[in-house]
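Student: Let's see this in three dimensions:
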Amino acid sequence: MIDLGQLTGFDWGAGNRDKNWQKHQVSTGECEEVFFNLPLLFGDSPGRSANEKRYFALGQTNAGRLIFIAFTVRDEKIRVISARDMSEKERGFYDQSGS
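Tutor: The predicted structure is shown next:
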């Protein structure tokens, strides 16, 4: 599992900086906020990449927006692959686990 204390920041490449806003209206700032707010739940994601381990996070922004994030770790940085509002099922899991 991931140790957030070992990570040094975020990797926002040109290819993924605006993608989540265009698809799901989730800003890069909101993505980053999720990793600093509690509760924060992590898991392994079966992602589509054979080259990198994929993870998911369920968390909330400073404004309380519930967000699902698929991400990987590159060079000790979090690289967000996809971010969107949590589904109803994910919200239920998050509410149950975060209590």
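
Student: Quick check: end-to-end length of stretch 23-43?
Tutor: End-to-end span of stretch 23-43 (CA to CA, to the nearest Å): 23 Å.

Student: Report the buried residues of that stretch.
Tutor: Buried residues in stretch 23-43, counted by 16 or more other CB atoms under 10 Å: 26, 28, 30-35, 40, 42. To be clear about C-beta, it is placed using only N, CA and C from the backbone, and glycine gets the same treatment.

Student: could these be laid out in TSV, adding distance to S87?
Tutor: Formatted as TSV, the buried residues of stretch 23-43 follow (distance: CB to CB, whole Å):
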residue	distance to S87
V26	14
T28	22
E30	17
C31	17
E32	22
E33	20
V34	16
F35	20
L40	17
F42	17
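
Student: so of these, which ones are in strands?
Tutor: Among those, the ones falling in strands (DSSP state E) are F42.

Student: Checking the closest residue to T28 other than its chain neighbours next. Helix, strand or coil?
Tutor: Closest residue to T28 apart from its sequence neighbours, by CB to CB, 6 or more residues apart in numbering: W12 at 5.8 Å. Recorded secondary structure, W12: coil (DSSP: H, G, I helix; E, B strand; the rest coil).
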